[in-house]
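S.K.: Structure for this input, please:
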Amino acid sequence: MTQHTSLRLPTFGQAVRLPAVPDDLLRKPALELADLVRSGEVSSRELTQASLDRIEATEPLNHWTLVDAEGALAAADAVKAGDERPFAGVPIALKDLFLAANGLRMAQGSDLLGDFTPDYDAAVVRRFRAAGFVLMGRTQTPEFGILPVTEPRRFGPARNPWDPERTTGGSSGGSAGAVAGGAVPVAHGSDGGGSIRIPAACCGLVGLKPSRGRISRAPDLGDHMLSTDGALTRTIDDAAAMLDLMSGHEVGDATWAPPPEAPFAELSRRDPGKLRVALTFDMPIEAQLDPAYERATRDAAELLESLGHHVEEVDAPWKGADLLPTFSALWATQVAASVMHGQLVTGTEPSAKNIEPLSMWLYETGNSIQAPQYVAAVAVLQAFARGIVSFWNDWDLVLTPSLARPPVRHGEIDPLGENPAYEFKKSGEFTPWTAGMNVTGQPAISLPLAQSEDGLPLGAHLIGAPLAEGLLLAVGRQLEQARPWADRIPPEPAG
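M.R.: A predicted model of the protein is given here:
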């Protein structure tokens, strides 16, 4: 396991030179790496060792909570040339949150969990192993996945490879940092309020939130109203292949999305035709939009128009809606349940010593909400969702900025702050568009189409109708071909 210490890091522009993986091997798409292993051109052990070397070299960026070098090398040695599994021999990172992996500690960013180590695999992890992935270990998350920044008290801040003084986003911040920093080609993430799309936007990656029910939460949950698993990738091809791998009903699921008409890898290559795209800057949570993000989003709209699509700026159906209080009631009860789970598996009482002030505030708030209030909050959000989804009767896609601002500096949203309610409000102001799609259950994707004048990634946020991941991927491929981004990497890279 890696050790985490406090290190004084350079400011942006004072890049630390890190030893490069030969030919930047791990920056190739995961599907391409699997082809190299399959052909015998590269061994899985070489890839895994390269990943371990890169993890060590980028350790000051603090993306990992646990690295299983021994287990990863053993798994790599079991992969031979000619292995036909789709990702045979390819390293992958697992987000350290709500995803059981046999033998790998699951800390969830919290002291409350201690060294809790599941003795079984979640369905998603089982699928990763069956596909031939080599599990490298666990990546950073804010405590219980609450915030859109990753700087838990237990492990310290996950630093952005583009600028170590800024956040990788959250809650899949460690996974996004590990991919952007070149330690793994793809990483697991999850998204309950934007937690795949936010770090993708902060780190210059592709981040797809699938439709509700697309990916099973087995065996721990029958379903989840807000959260879904997913992946952080560099390319649309990898995003589609990861969705194909992770999707599908598991026995006992309470709800599930119907299977697509064809594999997502195929749907992503279809011509989407001329689409009706609604451009909006209306926010469901009031916030100040950074001019750089407005320019980047308008530029994305112009690019879509140049590809033959009709783009029109419109008023959004969520305009003027203040969802934060109702969403917070639902969020607080789920945080309270997460704390109760930690208490159950460790036998430790939650206290100010083992959970952060923001988590304690949400835990206490969640416990104060009575069952009828919770049911009412769900009903209000479902009614809101019904009205929002009908907007897609007139539009194929909706385009918004991914975030209101480029990645914030560490400490700007502080889980240890004296006023937790204020810090939670600031998190919504940073990410006003993402959580609404968790409420409606619609798929959405952040694409790394732009950068700010000082080189920070800026994401374009495309929202599809329910079950329209194939369309999002097809349009994403069009945009990727028109303005390639996979080779855009942090300078040197920064460390």
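
S.K.: Would you map the strands across the stretch 1-150 of the chain?
M.R.: 64-67, 91-95, 134-139 (DSSP state E, counting those that start in this stretch).

S.K.: what lines up beside the second one in the sheet?
M.R.: To tie it back to what came earlier, the one meant is strand 91-95. Within its sheet, strand 91-95 is paired with strand 134-139 (parallel), strand 186-191 (parallel), according to DSSP bridges.

S.K.: contacting residues around R85?
M.R.: For R85, the contact set (CB atoms under 8 Å, 6 or more residues apart in numbering) comprises A34, A130, A131, G132. For glycine as for every other residue, the C-beta is placed from the backbone atoms N, C-alpha and C.

S.K.: for D111, same thing?
M.R.: Here D111 is in contact with R153, R154, K353, N354, I355 (CB under 8 Å, 6+ apart).

S.K.: Going by neighbour count, which of these comes out on top?
M.R.: I355 (29 neighbours; other CB atoms under 10 Å).

S.K.: got the contact list for that one?
M.R.: Counting by CB under 8 Å, 6+ apart, I355 has contacts S110, D111, L112, E143, V339, G342, Y363.

S.K.: ok, so of those residues, who is nearest T233?
M.R.: Using CB to CB, E143 comes nearest to T233 of these, at 25.7 Å.

S.K.: and the gap between that closest one and S328?
M.R.: 17 Å (CB to CB, to the nearest Å).

S.K.: now do G177
M.R.: Distance, G177 to S328, using CB to CB: 27 Å.

S.K.: For those two, work out which one has more neighbours and name it.
M.R.: G177 (33 against 20).

S.K.: Verify the stated contact: that one with E151.
M.R.: No. Using CB atoms under 8 Å, G177 is not in contact with E151; the gap is 11.8 Å.

S.K.: Check the contact lists of the two and give me the overlap.
M.R.: A158.

S.K.: Any chance of the strands of the stretch 1-150 of the chain in a markdown table with mean neighbour count, mean pLDDT and distance to E84 as columns?
M.R.: Output for the strands of the stretch 1-150 of the chain, formatted as a markdown table (neighbours: other CB atoms under 10 Å; pLDDT from 0 to 100; distance: least, CB to CB, whole Å):
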| stretch | mean neighbour count | mean pLDDT | distance to E84 |
| --- | --- | --- | --- |
| strand 64-67 | 23 | 98 | 28 |
| strand 91-95 | 30 | 98 | 18 |
| strand 134-139 | 28 | 98 | 16 |
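
S.K.: so can I have TSV of those strands showing distance to P199?
M.R.: Converted to TSV, the strands of the stretch 1-150 of the chain look like this (distance: least, CB to CB, whole Å):
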stretch	distance to P199
strand 64-67	15
strand 91-95	10
strand 134-139	10
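
S.K.: Which residue lies nearest the spatial centre of this protein?
M.R.: Centroid check for the chain by CA atoms, centre = their mean gives I196 as the closest residue, at 1.9 Å.

S.K.: which residues touch that one?
M.R.: S172, G189, S190, G207, L208, K209, G230, A231, L232, S446.

S.K.: for the stretch 351-495 of the chain, what are the low-confidence residue spans?
M.R.: Residue ranges of the stretch 351-495 of the chain with pLDDT under 70: 492-495.

S.K.: Let's see that with 50 instead.
M.R.: Where the stretch 351-495 of the chain drops to pLDDT under 50, the residues are 493-495.

S.K.: where exactly do the helices run in it?
M.R.: Under the criterion DSSP state H, counting those that start in this stretch, helices of the stretch 351-495 of the chain are mapped to 357-368, 371-389, 420-430, 435-440, 469-482.
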